[in-house]
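1. sequence and computational prediction follow.
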Amino acid sequence: MRCRLQTLAGEFEKKSASFDPGIVPKTGATLVRQWRGRAHTVLVREDGFEYEGQHYRSLTVIAERITGAHWSGPRFFGLIKRTGASLSTEAGP
C-alpha cells in the first residue's frame with residue numbers, strides 16, 4: 001500500500017494534467033496491453049507490479065522496458081482518462 005501511495009504522490013507532484021487518482025488498479029488485477037503483436041500482462045501486487053516474473057515498483061518502468069522509450073506507465077496501460085475526449089455519443093436535436 002505504501003508503494004502505491006508513493007506512486008500516486010509522485011504523479012500528483014509532477015502535476016500530470018491527465019492523472020486521475022480514481023483510476024487505481026486493485027491488488028490482484030491483471031493489466032494487459034498489446035504492443036507490436038504481443039500481449040504484455042502485468043499483475044498488480046500490494047507492493048508494486050509483477051511483469052515476466054520480476055517485481056517492479058512502477059508501471060512506467062515496465063512500459064519503458066516493453067517499448068524501449070519513455071512512456072507514462074498508467075497511460076500506456078490505459079489507466080488515464082483522455083482529456084478533451086467526448087464521452088457522449090448522442091446526436092443533437
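-> Sure, I can see it. Residues are numbered from 1 along each chain as shown.
2. and the next helix or strand past the one helix or strand in the chain whose mean pLDDT sits lowest?
-> Here the helix or strand of the chain ranked lowest by mean pLDDT, DSSP states H and E is helix 2-13, holding a mean of 63. Next along the chain after helix 2-13, taking DSSP states H and E as the criterion, comes strand 30-35.
3. that following strand: partners in the sheet, and parallel or antiparallel?
-> strand 38-45 (antiparallel) (DSSP bridges).
4. tell me the mean pLDDT for stretch 24-36?
-> The pLDDT scores in stretch 24-36 average 92.
5. what's in contact with it?
-> Applying C-beta atoms under 8 Å, 6 or more residues apart in numbering, the external contacts of stretch 24-36 come out as 4, 8, 39-46, 59, 66-67, 76-79. (Each C-beta comes from the backbone N, C-alpha and C, glycine too.)
6. among those residues, name the buried ones.
-> Listed as buried from the contacts of stretch 24-36 are 4, 40, 42-45, 59, 66, 76-77, 79; burial here means 16 or more other C-beta atoms under 10 Å.
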